[in-house]
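1. Structure, please.
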Amino acid sequence: MENKNGLKTLYIITKSNWGGAGRYVYDLATHMPKDKLEPVVALGGSGILKQKLETNGIKTLTIPDLERDVGVIKEIKAFINIFKIIKEVEPDIVHLNSSKVGILGALAVRLYNLSLILSTPARTEQTPARSGGFNFSLSTCKVIFTAHGWAFKEKRGPVVKKIIEYISWLTIALCDVTIVVSEDDRKKVSKFIFVQKKIQLVHNGIGPQNFMERTGARKIIIEKTGRSQNEECLWIGSISELHKNKGLDYALKAFWELTRQTSNNTMEPDKIAYVIIGEGEERKNLESAITQEKLTGRALLIGEYLNAASLLYAFDIFLLPSLKEGLPYALLEAGVAGLPVIATNVGGVPEIIEDMKSGIIIKEKRPKEIEKALKFLIDHPEKRKEFGEQLQKTVAENFTLERMVKETITLYKELPKPNM
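-> The predicted structure is shown next:
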């Protein structure tokens, strides 16, 4: 398994879209020291993540039948394909991302390790440390799982939720280390027995960003929607996958409430726009909500954009109305851009934002709270500036990409011998 480029690290992720987990995998794969760790990424589909990785010279492998939707036959096929890829790559480290690939990948690694031990007993002997302090047995690869927000945090029936909790516990038990990206996620599994020593907190981090200037960013958004906007228009923005967990339907209800009460607003309704950058399964439902609430031309879905964060300067306020999060990259990006943020009190959001000091925190599923917070920031431009600057400082000091990579490398180095 030893190679001239260092220890081979296989990152596996369910989807190839540019969501939080995808961004995390991309950042690790492209910023790990190549003389010590040789990255390979296996993923489902051929979306933006795959394209960006290949553009940056990272080898990618597509996993057939690996999808978000659950199906027994699909899961069996996906498991077989994951096992085949692990066998083909012969990695020293397998780093799993997302709930589905977590359990499938952990089982596949254990089966792979067992097959190596049974086929070549002599290879189980411990070898000297190599590749910059990493110490591994030649016979086995180590497995890490990163939980980007636990699946059992989603709204589900009690029986289904318990099943998912058990699968989450089993995933942690089968892995050598499980990384949680927020203190909230660590607390959510604090009652899981026998696995607490395997759980490590590493906050997501973000590096320098290249933002397009405001006029150019707005021009691109206007061109994508085909609708003109007043130059003086105040833009509220969200960058998000169009998924139920993102709470965008509640944001639209709040925006409708904000713009219909013209007598109570500092700005006229036609001078306020809500722009959502992203794509996903909820597009049709959101389009119907925009039509039903008569927000056409003021609430805009611009679809997926390859480097969505580069357009952040187009916005005056950033809105994150999620129902579930780990530690959202979109919030970190908005912080780097110095935007004032309104975000729901979910996941690691309170670990980034201090309410009414570096942003406004609200409860999820509360359109009236979103509307009230938006009105406050519209009416108080000085607070927009103050909150944006403070959040920018917080992200620069506490949520850097350099720190995230360094802490992850430390966990790689400290990986324990596997328990078969």
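2. quick one: low-confidence ranges for the protein?
-> 1-5, 68-70, 120-139, 227-231, 261-266, 416-420 (pLDDT under 70).
3. max-length helix in it?
-> Taking DSSP state H as the criterion, the chain has its longest helix at helix 99-119.
4. Sort out which residues of it are buried, please.
-> 99-110, 112-113, 116-117 (16 or more other CB atoms under 10 Å). C-beta: built from backbone N, CA, C; applies to glycine.
5. Next: stretch 22-40.
-> Those would be 22-32, 36-40, for stretch 22-40 by 16+ other CB under 10 Å.
6. picking that back up, just want the angle from the following helix or strand past the longest helix of the chain to helix 99-119.
-> Next helix or strand after helix 99-119 toward the C-terminus (DSSP states H and E): strand 142-147. Here strand 142-147 points in a direction 170 degrees away from that of helix 99-119 (axes from the mean of the first three to the mean of the last three CA atoms, to 10 degrees).
7. Does anything pack onto strand 142-147? Which helices or strands?
-> Here strand 142-147 touches strand 93-97, helix 99-119, helix 158-174, strand 177-180, helix 401-413, going by 3 or more CB pairs under 8 Å, 6 or more residues apart in numbering; DSSP states H and E.
8. and the second one, how far from the chain's centre?
-> Centroid separation for helix 99-119 versus its chain: 25 Å, with CA atoms, centre = their mean, to the nearest Å.
9. repeat for the shortest one
-> A distance of 15 Å separates the centroid of the chain from that of strand 177-180, by CA atoms, centre = their mean.
10. And the contacts of that strand?
-> The contact list for strand 177-180 (CB atoms under 8 Å, 6 or more residues apart in numbering) reads 144-147, 171-172, 186, 189, 195, 198-202, 326, 408, 411, 415.
11. Over to the last one?
-> Helix 401-413 has contacts (CB under 8 Å, 6+ apart) with 7, 9, 27-28, 31-33, 36-37, 93, 133-135, 142, 144, 177, 179, 200, 202-207.
12. If you count neighbours, what's buried in that helix?
-> 401, 404-405, 408-409, 411-412.
13. picking up where we left off before, buried ones only from the contacts of strand 177-180, please, as a ChimeraX command.
-> Burial among the contacts of strand 177-180 is assessed by 16+ other CB under 10 Å; the matching ChimeraX selection reads:
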select :144,145,146,147,171,172,186,189,195,198,199,200,202,326,408,411,415
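14. ok, for Pro91, nearest residue in space, not its chain neighbours?
-> Once flanking residues are discounted, Pro91 sits nearest to Leu10: 3.8 Å by CB to CB, 6 or more residues apart in numbering.
15. For Ile302, see how far away the one you found is.
-> Taking CB to CB, to the nearest Å as the measure, Leu10 falls 35 Å from Ile302.
16. higher neighbour count, the two?
-> Leu10 (27 against 20; other CB atoms under 10 Å).
17. In three-state terms, label the more buried one for me.
-> Here Leu10 is recorded as strand under DSSP: H, G, I helix; E, B strand; the rest coil.
18. gap between it and Ile86?
-> 7 Å.
19. which residue packs closest to Lys188, ignoring adjacent ones?
-> Trp150 (5.4 Å).
20. phi, psi of Leu323?
-> Per-residue torsions, Leu323: phi -100, psi -20 (degrees, to the nearest 10).
21. List the contacts of it.
-> Contacts of Leu323 were listed using CB under 8 Å, 6+ apart, and they are 154-155, 244-247, 344, 346, 364-365.
22. Buried only: go through those for me.
-> Buried positions within those, assessed by neighbour count (16+ other CB under 10 Å), are 245-247, 344, 346, 364.
23. quick one: which of the buried residues of helix 99-119 is nearest Leu391?
-> Ser99 (29.2 Å; CB to CB).
24. Now for that closest one: which residues touch it?
-> 14, 147, 150-151, 164, 167-168, 171.
25. now the residues you listed in a markdown table, with distance to Leu252?
-> Formatted as a markdown table, these follow (distance: CB to CB, whole Å):
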| residue | distance to Leu252 |
| --- | --- |
| Thr14 | 28 |
| Ala147 | 29 |
| Trp150 | 27 |
| Ala151 | 25 |
| Ile164 | 29 |
| Ile167 | 33 |
| Ser168 | 32 |
| Thr171 | 35 |
